[in-house]
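1. what follows is a predicted protein model with its sequence.
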Amino acid sequence: MLKENVIKVKDDTRLDQDINKLIGEKSLKSFFVKDILEKYETNEIDEETMKKVIEVGLEVL
């Protein structure tokens, strides 16, 4: 009988930036975050996706 080893990885990274402060700014990052939050609030994306998109998007910007 073959035994399989399974490793589960949980992503516990947190956004380094204060999102509320960022939203108040007039910048490309602010526009991006507002757009993603709007998609989350209208149920176009789920919470996990929203967090990942914001995290990756802010790293790129």
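-> Structure received. Numbers count the residues shown, from 1 in each chain.

2. distance of the residue nearest the centre of the chain relative to Phe31?
-> Against the mean C-alpha coordinate of the chain, by Cα atoms, centre = their mean, the closest residue is Lys51 at 2.0 Å. Computed as Cβ to Cβ, to the nearest Å, the Lys51 to Phe31 distance reads 18 Å. Every C-beta, even on glycine, is put in place using the N, C-alpha and C of the backbone.

3. ok, Val60 next?
-> Val60 is 14 Å from Phe31, by Cβ to Cβ.

4. more neighbours: which of those two?
-> Between Val60 and Phe31, Phe31 has the larger neighbour count (other Cβ atoms under 10 Å), namely 13 against 7.

5. what helix or strand does Glu38 sit in?
-> Secondary structure assignment for Glu38, by DSSP states H and E: helix 28-41.

6. elements contacting that helix?
-> Contacts defined by 3 or more Cβ pairs under 8 Å, 6 or more residues apart in numbering; DSSP states H and E place helix 28-41 against helix 19-23, helix 47-60.

7. what is the mean pLDDT for the first one?
-> This points to helix 19-23. Across helix 19-23, pLDDT averages out at 86.
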